[in-house]
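Visitor: Build me a model:
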Amino acid sequence: MVAIEANGAAQVSLGTSHFKEANQKVRACLETSDVVQLREVFAQRYLGCAMPAGKRLEIYGTPGNDMASYMDGGTIEVFGNAQDQIGNTMNGGSIIVHGRCGDAAGYAMRGGRIFVRDDCGWRVGIHMKEYQDKVPTIVIGGNAGSFLAEYMAGGIIVLLGQAGEHLATGMHGGVIYLKQPLDEASLPEGLVALPLDDHDEATLSGLLSEYNGYFASDLGAPVSTAPEGFTKLVPASSRPYASLYTS
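Guide: Alright, predicted model coming up:
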């Protein structure tokens, strides 16, 4: 059932429909409407895959795995939690999650931005990479599971909560900004902690302001946009495993 609201947005109730049927409905609506609201979403996979710029999904419920895979400029806002691998190989656009997300968010992401109000699962940002002028960005408002930024090759990750074990294993590009203190003994092997420069401060302040724009009303108060207290982590080498392959 598709309804058209007064503001021109199409409204679709997915209910218990199979993910293939659900995606057929969504794609059909996006052909005629730039804004589509999805209600009663119960873990249907692949919503918003390859969605182009100018299109927007507003999801009320819990989308399934691989939401926004290959997304190419659209916007998805989830009013609830999201499951695994959101933004898989995402090329551009924005994902906003008013809750938490599962594992491997931003897998191989090469452009766009992901904002998660609360916690995230394991291996978020794995294999993130920059491409030409694209700088993929993930901002997590809560805690992160183990292996955050595993094999990260480019982009930006901002974490306001605690990082799990094995932080940035194999990281060889990009930057991580941690809000929670990280002493020298806790610094993962292969990473270097550096002071923030003017560019870092401007980047952080802008991303935290954007985070507040999405979530301050949910949280009851905005988070501080001051960059003081953040730790900047970068890889010590662009080839952390070179010794395994060369004599």
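Visitor: Report the buried residues of stretch 172-191.
Guide: 172, 174-179, 182, 188, 191 (16 or more other CB atoms under 10 Å). For glycine as for every other residue, the C-beta is placed from the backbone atoms N, C-alpha and C.
Visitor: Please work out which residues outside that stretch touch it.
Guide: With contact meaning CB atoms under 8 Å, 6 or more residues apart in numbering, stretch 172-191 is reached by 128-130, 148-149, 151-163, 166-171, 193, 200, 204, 229-240.
Visitor: Can you flag which of these belong to helices?
Guide: Mapping those onto helices (DSSP state H) picks out 200, 204.
Visitor: For ChimeraX, write a command that selects the buried ones of the contacts of stretch 172-191.
Guide: The ChimeraX selection below is limited to those of the contacts of stretch 172-191 classed as buried (16+ other CB under 10 Å):
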select :128,129,130,148,149,151,152,153,154,155,156,157,158,159,160,161,163,166,167,168,169,170,171,193,200,204,230,231,232,233,235,240
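Visitor: can you tell me which residue is nearest the centre of the chain?
Guide: Geometric centre of the chain, nearest residue: I114, 2.8 Å, by CA atoms, centre = their mean.
Visitor: Surely Q24 is in a strand?
Guide: No. Per DSSP: H, G, I helix; E, B strand; the rest coil, Q24 lies outside any strand segment and is helix.
Visitor: Below-threshold pLDDT in the protein: ranges please.
Guide: Along the chain, segments meeting pLDDT under 70 span 1-7, 240-247.
Visitor: now the helices for it?
Guide: Using DSSP H, the helices of the chain run over residues 19-32, 198-219, 242-245.
Visitor: Give me the contact list for the first one.
Guide: So the one you mean is helix 19-32. Under CB under 8 Å, 6+ apart, the answer for helix 19-32 is 2, 10, 12, 14, 17, 36, 38, 44-49, 51, 55, 57, 64.
Visitor: If we use 10 Å, what do you get?
Guide: Helix 19-32 is contacted from outside by 1-2, 4, 9-18, 35-38, 41-52, 54-57, 59, 63-66, 74, using CB atoms under 10 Å, 6 or more residues apart in numbering.
Visitor: mind checking the end-to-end distance for stretch 83-92?
Guide: With CA to CA, to the nearest Å applied, stretch 83-92 spans 20 Å between its terminal residues.
Visitor: Among the contacts of helix 19-32, the buried ones, what's the PyMOL command?
Guide: Here is the PyMOL selection string for the buried members of the contacts of helix 19-32, based on 16+ other CB under 10 Å:
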select buried, resi 9+10+11+12+13+14+17+35+36+37+38+41+44+45+46+47+48+49+50+51+55+56+57+59+63+64+65+66+74
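Visitor: distance of M90 from G54?
Guide: 16 Å (CB to CB, to the nearest Å).
Visitor: The residue nearest to the centre of the chain pairs with what?
Guide: I95, I138 (DSSP bridges).
Visitor: and it, what is it in contact with?
Guide: Counted by CB under 10 Å, 6+ apart, I114 has contacts 68, 76, 82, 86-87, 90, 93-97, 101, 105-106, 120, 124-125, 136-140, 157.
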